[in-house]
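Asks: Need coordinates for the following:
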Amino acid sequence: MALDSATQGFLYALATALPVFLLCTILFCILRPRIPDVYYHRRLLNTWRSYNNYSGRRVGLTYPIPNDSFFGWIKPVLQTPEREVIRKIGLDAAMFLRYIRTCLAIVSILAFFSVLILMPVFGTAGNKSLPNDDPNFIEGLRVVSLANVESRSSRLWVVTVSEFIIAAVVIFFMRRDYKVYADARREYLNSETPVNYALAVLDIPEEHRNEHAVRQRFELVVPGQVAEVVIINNCTFALKHKAKLETAITKRELAEYLKSVKGVSPQIRPGFCGCIMCHKPKEDALEYWENEEREQKVALVELDAAATSTPSAILILSNKRAASVLAQANMATSATSWNVAEVGEPKNINWKAFSVPSYQTEIRSLAVAAFVAVFTLFWTIPAAAISALFSLQTLKEVDGFKWTGKIEETSESLAALIEGLLPVIVMSVLISLIPTLFRFVVGFERIVSRSVIERKTRDYFFFFTVYGSFFVIVLGQSFFRDVQGILDRPVQVIDALASEVPGTGIFFATFIVMQAFFSVPLLFSGIIRSILRAVFLKISKTERQKRKARSSGALFQYFRYSGQCLLIMFLSLMFSSFSPLVTLCGVAFFGLAYVMFKYMLLYACHQPAEGGGDLYPGAYWGTMIGLVLKQIVVIAVLGLKKSPAAAIVCVIPTIATILLSIIIAGRYERISKYGSLHDMFESSSKLEEIPEAYRKIYKNPISPFDEEEYVNLNGVEEAMDVYPEADYGSVSDSLESEHQDENIGYVPDRAAKREEV
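Replies: Okay, the predicted model is just below:
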């Protein structure tokens, strides 16, 4: 079997990525017991007394813990059940891992069907036997794709049958997971956590912007159940002063450290840059930063006293049932006032959003959507260029690029590298930058919960990758071949899409291979985190600086990795009937991603706030939309292959998928968003049931000033406040003691003060 450039590029990718995967895995196994700050970061956070959450609880630790042997981490990762993940890590992590596990199950079933049925049917078709100059001639790995099947062939009916199987498998698993998610959300919304007692109230009319008026308004709906009303002050300037205060504290602690080592306080020249401010005399650093710290604290107190209120408030109810009722109620006769929104956990609030005027809400949302749309549109230029690199044969036919034909004449290996591997690397690097950009842009909207910001970022990223990457890359070759024809007849795009999809499977298989064996293992290995930690620790002197260095890179970016998994799932579904190789690569990606991401979530990474798994509905809709798009492309491909009967039959699973997707979402979407009042009746027998600690947990970010937040960490020695590792596994799960906490594991006698909840 001859090897075309795309096949050679795929083999180059394997030859490059597999050694990287093995090297990353070996380095991970070697470094894991040696750098616990990176590979057991959650355990490190558990020992920091000042890192307790709103109820005084520590960062949760899962059981069992891995041992220090080379592969001692694999068994605990695989054995940790989902219920343990929910209790100790959170519902966000559990649903993220469940979605990956479901994707693995779906693509594994489809891959089994592909290897058993589709590959033999495609591989024995006749296009591979055509003359080399025939436009339908196929070689390389595309021999086992739909591109090898002739038009009007009876083999096309196998694709039709596969569409029914694929739709049934995807719908079965996604319906099952949505039900599991809805049940888990009901439990989460009925649990003891501040977010279940609080709501954000937006667009309050000016005459009602005081605690008494807001309380009176909501008491009409839920009499006697409004526990607290927090009118949100404009904190834009206060947050800037708070950042300056944190800088001053860090510098002051550093000056204290240097004085304790050298015996003399260091000297500084105040200002933006010491070189520029050389005309100023030097000052005592410790004295300067102590004064700066006092000034910033005074400034914060003054800003709090003179703060103006925003048209927003946080409403804290004494009853979860009341909060759920108000979340679903319309409090005004129009959408311009008294809007209620989810507020998120205390550490998950975007305080700047409260200061955004109500009239800017729609403007900002439309501006962000317009930015994403325009950015995606302009992205077609580099994406089309990537597609052009994918085919030098096409590029050399375009005026101005005829010189590229000399590359093939000079070196076939170089041409294969450029066509097969270079475009994938370029696309992978560029796409990896997009989530951070979208996250920054979405932050300008008036969204008060950071979880909602991440959810919207993931959705925009999925839209971008599907349109700006998949469709543009697939259509790129046709666009370069017949620019004028497509501009004259835009409907020709559908024909071009249908004709190009079967032949581009190898490109996307290469892309998935690079994600599976390069991108994810490199992240999992912790090499970059270990290097950053070593560098930062080298220059860190104080305890505060060292803590920051040890925590560098520890946040798990759900919006990024969820979007990545959605993209790979979309590609696996899209090519499941066209190029089985893509589905096989999808099995490798989801298999490795599940194990590696699970380890990171269980031991190495941490999110300070929980979103309650609210990323899952977007994953559901992304998967179902991807399935429908794939079915539409199949119908178009069968039409171009001159098999109208098979195309018409494929309309059946397409309609069924659309209807069932809506039915499933209609059954579980609302209850997973608001929970069930029925569940709350038994747990809400008392009118005043809110834990006392939750009454004051939501407050303006600066007022009242929290001295404990800025405690001096110099000289603080954090005791090992969990059971020693040797004893941790010997403590029985059924042991009843003051050390045991059902929600987070084992808590020490000397834990920070906790409220009973």
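
Asks: Helices of the stretch 251-400 of the chain, start to end?
Replies: Here the stretch 251-400 of the chain has its helices, by DSSP state H, counting those that start in this stretch, at 285-305, 320-327, 360-389, 392-395.

Asks: Show me the domain layout of this structure.
Replies: Domain ranges of the chain: 5-191+362-681, 237-305, per automatic domain parsing.

Asks: which stretch among those comes nearest residue 227?
Replies: Ranking those by proximity to residue 227 (Cβ to Cβ) places domain 5-191+362-681 first, at 15.2 Å. C-beta here means a position set from N, CA and C on the backbone, and glycine is covered the same way.

Asks: For that closest one, what is the distance to the chain centroid?
Replies: Here the centre of domain 5-191+362-681 is set off from its chain's centre by 11 Å, with Cα atoms, centre = their mean, to the nearest Å.

Asks: ok so, going back, same list, the domains of the chain, but as CSV with mean pLDDT, mean neighbour count and distance to residue 355 please.
Replies: Converted to CSV, those look like this (pLDDT from 0 to 100; neighbours: other Cβ atoms under 10 Å; distance: least, Cβ to Cβ, whole Å):
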stretch, mean pLDDT, mean neighbour count, distance to residue 355
domain 5-191+362-681, 84, 19, 9
domain 237-305, 78, 15, 10
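
Asks: Residue 198: which of those domains is closest?
Replies: Closest to residue 198 of these is domain 5-191+362-681 (Cβ to Cβ; 10.7 Å).

Asks: Phi and psi next, for residue 600.
Replies: Phi and psi for residue 600, reported as degrees, to the nearest 10, are phi -60, psi -40.

Asks: Would you confirm that it contacts residue 556?
Replies: Yes - counting by Cβ atoms under 8 Å, residue 600 does reach residue 556; the two are 6.4 Å apart.

Asks: Throw the domains of the chain into TSV and include distance to residue 314, thanks.
Replies: Compiled in TSV, the domains of the chain are given as follows (distance: least, Cβ to Cβ, whole Å):
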stretch	distance to residue 314
domain 5-191+362-681	9
domain 237-305	16
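
Asks: closest one to residue 312 among the ones you listed?
Replies: Taking these one by one with Cβ to Cβ, domain 5-191+362-681 is closest: 7.7 Å.

Asks: Contacts only, for the residue nearest to residue 609 when sequence neighbours are not counted.
Replies: Spatial nearest neighbour of residue 609, excluding adjacent residues (Cβ to Cβ, 6 or more residues apart in numbering): residue 348 at 3.5 Å. Residue 348 makes contacts with 449-451, 608-611, as judged by Cβ atoms under 8 Å, 6 or more residues apart in numbering.

Asks: Output these in TSV, with secondary structure and distance to residue 229 appended to each entry.
Replies: Output for the contacts of residue 348, formatted as TSV (DSSP: H, G, I helix; E, B strand; the rest coil; distance: Cβ to Cβ, whole Å):
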residue	secondary structure	distance to residue 229
449	strand	19
450	helix	23
451	helix	23
608	coil	26
609	coil	23
610	coil	24
611	coil	25
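
Asks: In those residues, find the pair that's most separated.
Replies: Among the contacts of residue 348, 449 and 608 lie farthest apart (Cβ to Cβ), at 13.7 Å.

Asks: Quickly note the distance from residue 10 to residue 86.
Replies: From residue 10 across to residue 86, the span is 39 Å (Cβ to Cβ, to the nearest Å).

Asks: now the strands for the chain?
Replies: Applying DSSP state E to the chain gives strands spanning 198-202, 226-233, 267-268, 283-284, 309-317, 339-341, 740-741, 745-746.

Asks: Using TSV, please lay out these together with distance to residue 356.
Replies: Formatted as TSV, the strands of the chain follow (distance: least, Cβ to Cβ, whole Å):
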stretch	distance to residue 356
strand 198-202	9
strand 226-233	11
strand 267-268	38
strand 283-284	40
strand 309-317	8
strand 339-341	12
strand 740-741	39
strand 745-746	40
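
Asks: And these: which comes nearest residue 130?
Replies: Minimum separation from residue 130 across the strands of the chain (Cβ to Cβ) falls at strand 339-341, 60.8 Å.

Asks: Now do that closest one: distance to the chain's middle.
Replies: Relative to its chain's centre, strand 339-341 lies at 25 Å (Cα atoms, centre = their mean).

Asks: Who are the packing partners of that strand?
Replies: Helices and strands touching strand 339-341, by 3 or more Cβ pairs under 8 Å, 6 or more residues apart in numbering; DSSP states H and E, are strand 198-202.

Asks: any idea of the mean pLDDT in the strand it packs on?
Replies: Mean pLDDT, computed over strand 198-202, is 90.

Asks: and the direction of it versus that of strand 226-233, what angle?
Replies: 40 degrees (axes from the mean of the first three to the mean of the last three Cα atoms, to 10 degrees).

Asks: Give the partner strands of strand 198-202 in its sheet and their orientations.
Replies: Strand pairing for strand 198-202, using DSSP bridges, gives strand 309-317 (antiparallel), strand 339-341 (antiparallel).

Asks: Quick check: which of the ones you listed is buried the most?
Replies: Mean neighbour count (mean count of other Cβ atoms under 10 Å) peaks for strand 309-317 among the strands paired with strand 198-202, with a mean of 23.

Asks: contacts for that one?
Replies: Contacts for strand 309-317 (Cβ under 8 Å, 6+ apart): 197-206, 209-211, 214, 218, 222, 225-234, 323, 326, 343, 354-355, 357-358, 448, 690, 694-695, 698.

Asks: In PyMOL, select just the buried ones from the residues you listed.
Replies: To isolate the buried ones among the contacts of strand 309-317 in PyMOL, judged by 16 or more other Cβ atoms under 10 Å, type:
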select buried, resi 197+198+199+200+201+202+203+204+209+214+218+222+225+226+227+228+229+230+231+232+233+234+323+326+343+354+355+358+448+690+694+698
